[in-house]
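Peer 1: sequence and predicted structure are below.
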Amino acid sequence: MAVKVDGEADCYGFTSKSYYGDHWRLPEYRLPLGTYRVTATAISGEVRSDSQEFLLHNDGTSLSDLWLDVPKRR
């Protein structure tokens, strides 16, 4: 979903494009410090999961400052 380098504030969204060369730091996927609402769907061949919503927290420069949370339902 996202990757981060220890000591850097920004993290980057991770997609299938991220596997090619050094494309995991695509500028259009840069995520500065903050909290982001993201949706993930797992796909394997013809099998597709239901989409799930998460909150992606990028709280600082440490690797442990990047974490996922499930939003509370109203």
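Peer 2: Received, thanks. This one's a predicted model, so the numbers in the text were calculated from it and none came from an experiment.
Peer 1: in the chain, where is pLDDT below threshold?
Peer 2: In the predicted model, the chain carries pLDDT under 70 at residues 21-22.
Peer 1: and the strands in it?
Peer 2: Counting by DSSP state E, one finds strands in the chain at the ranges 2-4, 11-13, 30-31, 34-40, 43-44, 47-48, 52-58, 66-69.
Peer 1: okay, buried residues for stretch 58-71 please.
Peer 2: 58, 66 (16 or more other Cβ atoms under 10 Å). Any C-beta I mention is one placed from the backbone N, CA and C, and that applies to glycine too.
Peer 1: and the strands of the chain, which is most packed in?
Peer 2: Most buried of the strands of the chain, by mean neighbour count (mean count of other Cβ atoms under 10 Å): strand 11-13, with a mean of 21.
Peer 1: show residues contacting that one.
Peer 2: 1-4, 18, 24-26, 29-31, 38, 58, 66 (Cβ atoms under 8 Å, 6 or more residues apart in numbering).
Peer 1: next one: stretch 61-74
Peer 2: 1-2, 4, 6-9, 11, 37, 52-59.
Peer 1: swap in 6 Å and give it another go.
Peer 2: For stretch 61-74, contacts defined as Cβ atoms under 6 Å, 6 or more residues apart in numbering pick out 4, 6-7, 9, 11, 54-59.
Peer 1: distance to residue 48 added to the contacts of strand 11-13, as CSV?
Peer 2: Formatted as CSV, the contacts of strand 11-13 follow (distance: Cβ to Cβ, whole Å):
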residue, distance to residue 48
1, 17
2, 21
3, 24
4, 27
18, 20
24, 24
25, 28
26, 24
29, 22
30, 28
31, 25
38, 17
58, 27
66, 26
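Peer 1: farthest pair in those residues?
Peer 2: Using Cβ to Cβ, the contacts of strand 11-13 reach their maximum pairwise distance at 25 and 38, which is 17.8 Å.
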